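Q: Below are the sequence and a predicted model for it; my questions follow.
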Amino acid sequence: MNSVEVMESPALLTDPDSAALGLVTRSLLGRAGERVDDPAWVAHARHAWEDAPAEVRRLIRRFRRDSGPDGALVLRGLPVGAPGLPDTPMVKGSVQRAPSLSAALLLLFAAGLGDPAAFAAEKSGALVQDVVPVPGQETVQGNVGSVELTFHTENAFHPHRPDYVMLLCLRPDHENVAELRTSCARRVLPLLTPGTREALARPEYVTQAPPSFGPSGEGSAHAVLTGDPDDPDWCFDEAATRGVTDAGRAALAELAEVAHGTYTGVLLAPGDLAIVDNRVTLHGRSAFTPRYDGQDRWLQRTFAFSDLRRSRGLRPGDGTVLVK
C-alpha cells in the first residue's frame, strides 16, 4: 500500500523569523558554557526561548496543545550553518556536547515543548545525539543502521518515555531517499476492527528493552492503547513489542499492516526540524545506502518532556539524565 503524501502543512519560516531565530541561537552560544549538557546551557536555553520570534512560539504552543491528525510537525528554514558543517560522524554512540548552532536550536525548541532530558544508558546521556549510519551496523534496528527502520514509539519499554522526539536535519543522504515516516494513532485507529482496538487496550503485551539498558529485558505487561478511547496514547515498537495472547498477537499484526498502509512520509533537508508527538505517533525511516565518505545523512536528535517532574526519582540532583 502506498503512503500518504507528506506531513500536513510543513511550516516554512519566513526570512525575518529565520534571521531572528539565528540571532537568538548565536546569543545563546555566546552566553552558555563550554558543554551543551551543562546546566547553564539548559537554563540559558529556557530563558532564550522567550526571545524566539512570536510566530514560532505560537506555532509550538499550538502543537503542544494539539499535535493534529498526524501527530508531527516539520519546521523548515532553520539556521543550522549547513555550508560549514564538518564531516558526518561515523562512530557508534556519536553525540554533540560542544556548542553549535544546531545544538542551540534543539535546546531552544525543547524548552518550548517542555524540558530536554536523556537516558544514561543511551548515547552516554547526551542531550544532543547524532543519528548517523555507522559502518558494520547497517542492519541494526536503531539510529546507527541504514536498513528500513520499523515503526516504533521512542523507548517504548520505558515508563518515562519522551513526550516529543526532535530530529534536526544537517545533511540528507546522497540519493535523498531516506524518508522519515510517521504513523499517527488518530489516522490508524479508525481503520482497525473493533475487536483489535479492544485487544490493544488490554495489558497483553511486553516490550523488550535494548541491551544498553541492562539485563531488565522485557518489562511488565502493558496495553498498546491507553487513556481516552476516543483519542488514546499508544505504546508500540514493531521490532520489540510482542503479544502474550493469541488475540494480542493478531491485534499487533493488524496494527502493523494498517500502520504501514497509512503512514506519512517526508524527506528532510538541511534546516528542517521534525517534531514527533511520541505519545500518539510512531516513527521510522526508509532504507538508504551510506557511502561512509563524510557526506552521509546526518540528523541530530533531542528528547523533550512536557512534565519532567514525573521522572524526578530517576534524575539525580534534578538533572537532565535518567539513570534507569
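A: In hand now; what should we look at? Residues are numbered from 1 along each chain as shown.

Q: What ranges does the protein have for its helices?
A: 15-31, 39-48, 54-65, 101-113, 185-188, 194-200, 246-262 (DSSP state H).

Q: Save these as CSV, and put in distance to residue 85 and mean neighbour count too.
A: To be clear about C-beta, it is placed using only N, CA and C from the backbone, and glycine gets the same treatment. Converted to CSV, the helices of the chain look like this (distance: least, C-beta to C-beta, whole Å; neighbours: other C-beta atoms under 10 Å):
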stretch, distance to residue 85, mean neighbour count
helix 15-31, 15, 16
helix 39-48, 21, 18
helix 54-65, 23, 15
helix 101-113, 9, 26
helix 185-188, 35, 20
helix 194-200, 42, 18
helix 246-262, 33, 18
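
Q: To residue 176, which of these lies closest?
A: Residue 176 lies closest to helix 101-113 among the helices of the chain, at 19.6 Å (C-beta to C-beta).

Q: Residue 309: neighbouring residues, count only.
A: Number of residues near residue 309 (other C-beta atoms under 10 Å) recorded here: 10.

Q: pLDDT value on it, please?
A: On the pLDDT scale, residue 309 is placed at 94.

Q: State the distance from it to residue 117.
A: 11 Å (C-beta to C-beta, to the nearest Å).

Q: coming back round to it: mind checking the helices of the chain for the one nearest to residue 321?
A: helix 39-48 (11.3 Å).

Q: Could you pull up the mean pLDDT of that closest one?
A: Per-region confidence: helix 39-48 scores 92 on mean pLDDT.

Q: Can you show me the CA trace of that helix as CSV?
A: Extracted as CSV, the C-alpha positions of helix 39-48 are listed here (Å, rounded to 0.1, in the frame of the first residue of the first chain):
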residue,chain,number,x,y,z
PRO,A,39,23.0,23.1,33.5
ALA,A,40,24.0,26.6,32.3
TRP,A,41,23.1,25.7,28.7
VAL,A,42,19.7,24.3,29.6
ALA,A,43,18.9,27.3,31.8
HIS,A,44,20.0,29.8,29.2
ALA,A,45,18.0,28.0,26.5
ARG,A,46,14.9,28.2,28.7
HIS,A,47,15.3,31.9,29.0
ALA,A,48,16.3,32.4,25.4
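
Q: Tell me how far residue 132 lies from residue 60.
A: Separation of residue 132 from residue 60 (C-beta to C-beta): 26 Å.

Q: quick one on the thing from earlier: would you turn the helices of the chain into TSV with distance to residue 84?
A: Shown next, in TSV, are the helices of the chain (distance: least, C-beta to C-beta, whole Å):
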stretch	distance to residue 84
helix 15-31	13
helix 39-48	21
helix 54-65	23
helix 101-113	9
helix 185-188	39
helix 194-200	47
helix 246-262	39
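
Q: Just tell me which of these ends up closest to residue 165.
A: helix 101-113 (10.3 Å).

Q: Check which helices and strands the closest one sits against.
A: Contacts defined by 3 or more C-beta pairs under 8 Å, 6 or more residues apart in numbering; DSSP states H and E place helix 101-113 against helix 15-31, helix 39-48, helix 54-65, strand 115-119, strand 164-171, strand 273-277, strand 298-305.

Q: Burial check on the closest residue to residue 78 other than its chain neighbours, number of neighbours?
A: Nearest residue to residue 78 in three dimensions, chain neighbours excluded: residue 271, at 4.6 Å (C-beta to C-beta, 6 or more residues apart in numbering). Using other C-beta under 10 Å, residue 271 has 20 other residues around it.

Q: State the pLDDT value of residue 271.
A: On the pLDDT scale, residue 271 is placed at 94.

Q: For the stretch 1-150 of the chain, give me the ranges with low pLDDT.
A: 1-9, 32 (pLDDT under 70).

Q: could you redo the last one with a cut-off of 50?
A: For the stretch 1-150 of the chain, the stretches with pLDDT under 50 are 1-6.

Q: avg pLDDT for stretch 226-237?
A: On average, stretch 226-237 scores 96.

Q: Can you measure across that stretch, start residue to end residue?
A: Start to finish, the residues bounding stretch 226-237 are 15 Å apart (C-alpha to C-alpha, to the nearest Å).

Q: Number the residues from 331 up from this point.
A: OK, 331 is where the count begins now, so the last one is stretch 556-567.

Q: roughly how far is that stretch from the heart of the chain?
A: When C-alpha coordinates are averaged (C-alpha atoms, centre = their mean, to the nearest Å), stretch 556-567 and its chain have centres 18 Å apart.

Q: As a quick check, tell me the outermost residue of the chain.
A: Going by C-alpha atoms, centre = their mean, the residue of the chain most distant from its centre is residue 576, 31.2 Å out.

Q: From residue 562, how far out is that residue?
A: In terms of C-beta to C-beta, residue 576 sits 22 Å off from residue 562.

Q: what do you get for residue 455?
A: 31 Å.

Q: Over to residue 480?
A: 21 Å.

Q: do residue 343 as well
A: Applying C-beta to C-beta, the value for residue 343 to residue 562 is 33 Å.

Q: With residue 388 instead?
A: 27 Å.
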